[in-house]
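Give me a 3D structure for the following:
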Amino acid sequence: LSLAALVTYTLAYSAEEKTELDVGGNLIFSNNSIWRGMTQSKNSPVVQGEINLEYQNLYFGITGSNTKSDGLEARSEFDFFSGYADEIYGVGYDIGAVYYAYPKSSKEANFADVYLGLSKDFEVIKIGAKFYRGVKTNDLEVSNAWETSLSVPLPMSITFDALYGDYADVGNYYSVGFAKPINERFEATVSYMGINSDKNSVDEKNVVATLSVAF
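Residues are numbered from 1 along each chain as shown. Prediction:
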C-alpha cells in the first residue's frame, strides 16, 4: 500500500483543463513505506516509481514499489489509479478509484478503494478532506476511511503538511512534516507518522525521510 504511504495518497492535479495529453512521473527513495500510519515494508527502505497520464481533467496512473509484510508472500505492489479532478466555485474536487495489486500473493490480498476529495486553497493555507469507500470483494471485507489535511507555505520555499484520518475498525492515523524543493525536479521531505490502533495490534510511530525526483 505504498502509493499513499510515501505521498499520503493526495494526488495534486491542476484545476486548469489540459487540452493535450500530459505524461509525467516520479521516483521516490525512502527509509520506510507508511500507509495510513502503518509500515508496509517492516521499517525497511523502499524505492517507489509512478507514471501518470493527464488529459483535460482526467488522470490515469500506476505506482510500483517493493513491499514486505508477514502476512503477504508478495515482495512488490502495483497500484492502478484513475479519476477526474476539477474545481467549482473555488473548491477543488477529485473523484477516482485505486486498485491495490500484490503479484505472487493470493487474490485475497488484492482490493480497491473509490474516493472523493475536496480542497480549498486560501493562499496562506490549503485545506482538504477525503473519503475512501472500500470496495468489497468475494474474499475481503474492506473498511472505509476518511482524512483531513492542511498545508501551509513557509519561508525559504518550505511547506508544512499535516494529516489526520480514521481507518474504520483499524485505527486513527496521522502525519506531520515538512517538504523542501531542492530544485525543479528534486524534493526532500521529513515526516512523523503513526497510528493509534483500535484493536490489540501495536501502535506505530515512525520518522520518515524521502527524496523524490520528478520527470
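
Just give the number of residues close to residue 157.
Each residue near residue 157 was counted by other CB atoms under 10 Å, and the total is 11. To be clear about C-beta, it is placed using only N, CA and C from the backbone, and glycine gets the same treatment.

Return the distance of it relative to residue 184.
Computed as CB to CB, to the nearest Å, the residue 157 to residue 184 distance reads 12 Å.

The helix or strand where residue 55 lies: partners in the sheet, and parallel or antiparallel?
Using DSSP states H and E, residue 55 maps to strand 46-56. Partners of strand 46-56 in the sheet, by DSSP bridges, are strand 18-30 (antiparallel), strand 58-66 (antiparallel).

List the buried residues of the first one.
Of the residues in strand 18-30, those buried under the neighbour-count criterion (16 or more other CB atoms under 10 Å) are 26, 28, 30.

Closest one to residue 100 out of those, please.
Relative to residue 100, the closest of these is residue 28; by CB to CB it sits at 17.2 Å.

From what I see, that closest one and residue 64 are in contact.
No: the pair residue 28 / residue 64 is not scored as a contact, 10.9 Å apart, by CB atoms under 8 Å.

if I look at the two, which residues touch both of them?
48-50 (CB atoms under 8 Å, 6 or more residues apart in numbering).

Quick one, which of the residues you listed are buried?
The neighbour count (16+ other CB under 10 Å) marks 48, 50 as buried among these.

Turn the shared contacts of residue 28 and residue 64 into TSV, including pLDDT and distance to residue 200.
Putting the shared contacts of residue 28 and residue 64 into TSV (pLDDT from 0 to 100; distance: CB to CB, whole Å) gives the following:
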residue	pLDDT	distance to residue 200
48	97	30
49	98	35
50	98	35
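
can you pull the pLDDT of residue 140?
Here, the pLDDT recorded for residue 140 equals 76.

and it, backbone torsions?
phi -150, psi 130 (degrees, to the nearest 10).

So what's the residue count around it?
Residue 140 has 15 nearby residues by other CB under 10 Å.

doesn't residue 111 make contact with it?
Yes: assessed by CB under 8 Å, residue 140 is found in contact with residue 111 at 5.3 Å.

and residue 136, what does it touch?
Residue 136 neighbours (CB under 8 Å, 6+ apart): residue 142.

quick one on the thing from earlier: lowest average confidence across the strands paired with strand 46-56, which one?
Taking the mean pLDDT of those, strand 18-30 comes last: a mean of 91.

Check which element follows that strand along the chain.
Next along from strand 18-30, by DSSP H and E: strand 34-35.

On the C-terminal side of that following strand, identify the next helix or strand.
Following strand 34-35 in sequence order, the next helix or strand is strand 38-39 (DSSP H and E).

Starting from that next one, tell me which strands it pairs with and how they run.
Sheet partners by DSSP bridges: for strand 38-39, these are strand 34-35 (antiparallel).

what's the spacing between residue 65 and residue 141?
With CB to CB as the criterion, residue 65 and residue 141 are 25 Å apart.

nope, residue 24 is what I meant
Distance from residue 24 to residue 141, by CB to CB: 35 Å.

All good on my end, thank you.
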